[in-house]
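[1] Pasting the sequence and the predicted coordinates here, then a few questions.
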Amino acid sequence: MIEQQTPGRLISDVREVSDPRSTNGADASVVDVAAGRWVLDPGRSSATFTVSNFGVKVVHGSVPITSAVADVSTDAQLSSVSAVLALSDVATGNARRDLDLAKPHLLDTARYPTMSFSGAGTDSRVTGVLLVRGVPVPIGLQTVVTADAAGRVTVTATTSFDRSALGMKVPRILVGRWVEIAITAVFSREETG
């Protein structure tokens, strides 16, 4: 057991609990996490997406997570989480496609260089609002929380959303309607005092 603070479920005392859903290595397991503020380690975190292209091809890409903060209450609830992602740095492995995505009829990164998320939840479900192109999109994320021996907490989350809500002017045959998102966010407890 890695002891840190008061016990509780979600973010209460980085207490290891074996769980077969863990995908972060042999030394990681689902955990309880300490109450307080947790901050993102951007170098260890990632957000990826997939969307269909031309109805059959799947495009994979990534968007850097530049910052995130998670606040956990003493009753072990995720009282708030917020994150900022750099849409202006979206990468699909195809430079021309990346430039096209930045255009005003798609992501419009000149006006909206970032997207943000704010929400709250538990260790298995977080609900909130994704703000893309200035448009709020309600989403729910399925999450798994794990910890490593160094006391870092990793949140693995998945969701999907209907991109037609964003007002993008592009035929569905070119860019699919549903965007699948996978997030791996590594947090460390903020030092107090």
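    That came in fine, so what should we check first? Numbers count the residues shown, from 1 in each chain.

[2] What count of nearby residues applies to Ser82?
    A total of 15 residues lie near Ser82 under the criterion other CB atoms under 10 Å. Every residue, glycine included, has its C-beta placed from N, CA and C.

[3] what separates the helix or strand that contains it from the chain centre, distance-wise?
    In this structure, Ser82 sits in strand 78-86 according to DSSP states H and E. Relative to the centre of its chain, strand 78-86 is centred 8 Å away, using CA atoms, centre = their mean, to the nearest Å.

[4] Report the rounded mean pLDDT for that strand.
    Average pLDDT, strand 78-86: 95.

[5] What lies in contact with it?
    The contact list for strand 78-86 (CB atoms under 8 Å, 6 or more residues apart in numbering) reads 10-11, 40, 47, 63-73, 113-123, 126, 128, 185.

[6] Stretch 46-53 now?
    58-65, 85, 163, 174-176, 178-184.

[7] try it again with 10 Å
    If you take CB atoms under 10 Å, 6 or more residues apart in numbering as the criterion, stretch 46-53 is touched by 57-65, 83, 85-86, 90-92, 97, 115, 117, 157, 160-161, 163, 172-186.

[8] Just the buried ones from these?
    Burial by neighbour count, judged by 16 or more other CB atoms under 10 Å, picks out 59, 61-65, 83, 85-86, 90, 92, 97, 115, 117, 157, 160-161, 163, 175-176, 179-186 from these.

[9] Which members of these occur in helices, if any?
    Arg97 (DSSP state H).

[10] I'd guessed Asp71 sits against Ala35; true?
    Yes - counting by CB atoms under 10 Å, Ala35 is a contact partner of Asp71 at 8.9 Å.

[11] More neighbours: which of these two?
    Taking neighbours as other CB under 10 Å, Asp71 and Ala35 compare with Ala35 leading, 23 against 17.

[12] For Ser80, see how far away the more buried one is.
    According to CB to CB, to the nearest Å, Ala35 stands 13 Å off from Ser80.

[13] Which neighbours do those two have in common?
    71-73.

[14] I'd like those laid out as JSON lines, including pLDDT, distance to Arg152 and secondary structure.
    Formatted as JSON lines, those follow (pLDDT from 0 to 100; distance: CB to CB, whole Å; DSSP: H, G, I helix; E, B strand; the rest coil):
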{"residue": "Asp71", "pLDDT": "93", "distance to Arg152": "17", "secondary structure": "strand"}
{"residue": "Val72", "pLDDT": "88", "distance to Arg152": "15", "secondary structure": "strand"}
{"residue": "Ser73", "pLDDT": "86", "distance to Arg152": "20", "secondary structure": "coil"}
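
[15] Cool, thanks, signing off.
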